[in-house]
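*Asks:* Provide a 3D model corresponding to the input given below.
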Amino acid sequence: MTKNNTAGGDRVHFAGSRELARKINFDLNIKRLFRILLFDCFLALVLVVCWCLITEYKADIPFSWSQYRGFTYTTGSNIFETIDSIVYHFEKQQAPMGTFALVGAGALSVTLVIQMINWLRSCIFGSIPIRRRLRAIDAIASAANRLSLGSFDDGRYRSLQEAIDHINAAEPDSLIDIEDENLSGLEDAVNNLIKRMHESYRQQIRFVDDASHELRTPIAVIQGYANMLDRWGKNDEKILDEAISAIKTESEHMKVLVEQLLFLARGDMGRQNFKPEPVNLGEMLHEIHNESEMIDPNHEYRIKVDTDIYAEADIAMLKQSVRILVDNAAKYTPAGGIISLRLNIGAKGEACIAVQDNGCGISSTDLKHIFERFYRSDKARNSANGGSGLGLAIAKWIVERHRGWFSVFSREGAGTRITIHLPVLDTSEPV
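*Replies:* This next block holds a predicted model:
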């Protein structure tokens, strides 16, 4: 905040929302970086201690705090050879630690890289969503300037400045209370802004926590099978095949999850490529129907297109959103079940793309949450069926980018119908 003396009196100017957003984003990311490094160091320490205790237990040596323990290594030509040479010494015995150290270092490195990518993204672009939620700052500055033309002393503005300087999005109770009736409207506007910022911060933290949880699972599985390979896989072909299959499956799951996270991150930052063009929705739906019949012979696919309908759409994105609905229907419909695709004109003149199944259905409690990121119901939408909880969130983002919306009808034990509603392209001669 700065103060200018003019002929008309003292006039107060507030820094724009950009500076405030940068300050908030900087504070949040410093704390987040500290938590990331502290968590990774703690995780590495726990893994090493557990490995040492297990090694001593297998050696049938009674546990004692006072017994000798230590590590030795040989400096190699690169860091991997050095890590592979680590040996754990205890009570005149030793155990090679190289394989565990390499696997652990690899898993922690993958985790850290993903964390750092997300952290750097937040550092660079994190102030953008914050600024969007600081739109009231202009009204606040305008009101402050109007108030400054009156007979207010500097003490009032200093108290307001001090209150704003102590805003912390991570603390929901950090509201300002300057006890000045003349600035009560400004105080309410700032407090409403703080509440929106806290809600945005809470959602961002939840998203990061959920993403970290989802990524830890495949990493843990890969690490477990790698350890099993190291112990028994060299001599047991069955274990070797089982471990390789599991590692490939979890690696593919991790790849899909990371791609989905990157898609949503680019979408949130406004960096997702979007190339709309006139699209024949009937032809697109027929393509999806034919592809589904080819790759999924376990279900009966039906299609009904009432008329040719065109929409202004990114064909790849829109097809992806419909594909997500079809894949979900196939996952939660028993073999031999029917999955129907339909295209028609809705009551408001919009294009309606409906995907209906006769599967397990969704409970009324879960129905209102199905488009939330990482949400899974207890019965149907779970990771055992191969879902990450991001598919419908991606479909929702795509449809909203096309100025469309969803309607959902479901009954447990009867099935689910999800309909995409899109604006119709107003042209008689599409190209």
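*Asks:* so Leu186 touches Asn192, yeah?
*Replies:* No - using C-beta atoms under 8 Å, Leu186 is not in contact with Asn192; the gap is 11.0 Å. The way it works is simple: take the backbone N, C-alpha and C, and place the C-beta from them, glycine included.
*Asks:* tell me which of those two has more neighbours.
*Replies:* Between Leu186 and Asn192, Leu186 has the larger neighbour count (other C-beta atoms under 10 Å), namely 21 against 12.
*Asks:* that's a helix at that one, yeah?
*Replies:* Yes - the assignment for Leu186 by DSSP: H, G, I helix; E, B strand; the rest coil puts it in a helix.
*Asks:* buried residues, the helix or strand hosting Lys238. List them.
*Replies:* Element membership of Lys238, judged by DSSP states H and E, is helix 237-268. Buried residues in helix 237-268, counted by 16 or more other C-beta atoms under 10 Å: 239, 243, 246-247, 250, 253-254, 257-258, 260-261, 263-265, 267-268.
*Asks:* okay, strands next: where are they in the stretch 1-150 of the chain?
*Replies:* Using DSSP state E, counting those that start in this stretch, the strands found in the stretch 1-150 of the chain span residues 2-6, 9-13, 69-72, 87-90, 93-96.
*Asks:* can you tell me which of those strands the model trusts least?
*Replies:* The weakest mean pLDDT among those belongs to strand 9-13, with a mean of 42.
*Asks:* let me see the ranges of the helices in the stretch 51-200 of the chain.
*Replies:* 79-84, 98-125, 127-132, 136-148, 154-165, 184-228 (DSSP state H, counting those that start in this stretch).
*Asks:* domain assignment for the protein?
*Replies:* Using automatic domain parsing, the domains assigned to the chain come out as 1-272, 277-422.
*Asks:* measure the shortest one end to end?
*Replies:* Read it as domain 277-422. 14 Å (C-alpha to C-alpha, to the nearest Å).
*Asks:* so how far is that domain from its chain's centroid?
*Replies:* 21 Å (C-alpha atoms, centre = their mean, to the nearest Å).
*Asks:* ditto for stretch 248-263
*Replies:* 12 Å.
*Asks:* just to revisit the earlier point, how big is the angle separating the helix holding Lys238 from helix 98-125?
*Replies:* 10 degrees (axes from the mean of the first three to the mean of the last three C-alpha atoms, to 10 degrees).
*Asks:* show me what the helix or strand just after helix 237-268 is packed up against.
*Replies:* Downstream of helix 237-268, the next assigned helix or strand under DSSP H and E is strand 277-280. If you count contacts as 3 or more C-beta pairs under 8 Å, 6 or more residues apart in numbering; DSSP states H and E, strand 277-280 packs onto strand 310-313, helix 315-331.
*Asks:* for the last one, packing partners?
*Replies:* Just to be clear, that refers to helix 315-331. So helix 315-331, by 3+ C-beta pairs under 8 Å, 6+ apart, packs with strand 277-280, helix 281-295, strand 338-345, strand 351-357, helix 391-401, strand 415-422.
*Asks:* and what of the shortest one?
*Replies:* In this structure, strand 310-313 makes packing contacts with strand 277-280, helix 281-295, judged by 3+ C-beta pairs under 8 Å, 6+ apart.
*Asks:* can you lay out these as CSV showing distance to Asp84?
*Replies:* Formatted as CSV, those follow (distance: least, C-beta to C-beta, whole Å):
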stretch, distance to Asp84
strand 277-280, 54
helix 281-295, 43
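*Asks:* quick revisit: tell me which of the helices of the stretch 51-200 of the chain lies nearest to Cys352.
*Replies:* helix 184-228 (30.3 Å; C-beta to C-beta).
*Asks:* and the closest one, average pLDDT?
*Replies:* Mean predicted confidence for helix 184-228 is 73.
*Asks:* swap in stretch 350-364?
*Replies:* On average, stretch 350-364 scores 92.
*Asks:* how about that stretch as PDB, C-alpha atoms only?
*Replies:* Presented in PDB, the C-alpha positions along stretch 350-364 are these (Å, rounded to 0.1, in the frame of the first residue of the first chain):
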ATOM      1  CA  GLU A 350     -29.300 -29.400 -27.600                       C
ATOM      2  CA  ALA A 351     -27.500 -32.600 -28.800                       C
ATOM      3  CA  CYS A 352     -27.800 -35.500 -26.300                       C
ATOM      4  CA  ILE A 353     -25.300 -38.300 -26.300                       C
ATOM      5  CA  ALA A 354     -26.500 -41.000 -23.900                       C
ATOM      6  CA  VAL A 355     -24.600 -44.100 -22.700                       C
ATOM      7  CA  GLN A 356     -26.800 -46.600 -20.800                       C
ATOM      8  CA  ASP A 357     -26.100 -50.000 -19.200                       C
ATOM      9  CA  ASN A 358     -27.900 -52.500 -17.200                       C
ATOM     10  CA  GLY A 359     -25.100 -53.000 -14.700                       C
ATOM     11  CA  CYS A 360     -24.900 -52.600 -10.900                       C
ATOM     12  CA  GLY A 361     -26.000 -49.000 -10.800                       C
ATOM     13  CA  ILE A 362     -24.900 -46.200  -8.400                       C
ATOM     14  CA  SER A 363     -26.400 -45.400  -5.000                       C
ATOM     15  CA  SER A 364     -28.000 -42.000  -4.500                       C
END
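*Asks:* most packed of the domains of the chain?
*Replies:* domain 277-422 (a mean of 17; mean count of other C-beta atoms under 10 Å).
*Asks:* could you list the low-pLDDT ranges of the stretch 1-150 of the chain?
*Replies:* Residue ranges of the stretch 1-150 of the chain with pLDDT under 70: 1-17, 63, 80, 92, 98, 135-139, 142, 146-150.
*Asks:* among the helices and strands packed on helix 315-331, which gets the worst mean confidence?
*Replies:* helix 391-401 (a mean of 89).
*Asks:* now do it and strand 415-422, the angle between them.
*Replies:* 30 degrees.
*Asks:* partner strands of the next helix or strand after helix 391-401, with direction?
*Replies:* Later in the chain than helix 391-401, the nearest helix or strand by DSSP H and E is strand 405-411. In the sheet, strand 405-411 lines up against strand 415-422 (antiparallel) (DSSP bridges).
*Asks:* and the contacts of the strand it pairs with?
*Replies:* Residues outside strand 415-422 that contact it (C-beta atoms under 8 Å, 6 or more residues apart in numbering): 281, 311, 313, 318, 321-322, 325, 329, 332-333, 346, 348, 350-362, 399, 402-410.
*Asks:* ditto for stretch 345-361
*Replies:* Applying C-beta under 8 Å, 6+ apart, the contact partners of stretch 345-361 are 281, 285, 306-307, 309, 311, 322, 325-326, 329-330, 332-334, 337-344, 379-380, 404, 410-424.
*Asks:* if we use 6 Å, what do you get?
*Replies:* Contacts of stretch 345-361 from elsewhere in the structure, counted by C-beta atoms under 6 Å, 6 or more residues apart in numbering, are 281, 309, 311, 325-326, 329, 332-333, 337-344, 380, 410-422, 424.
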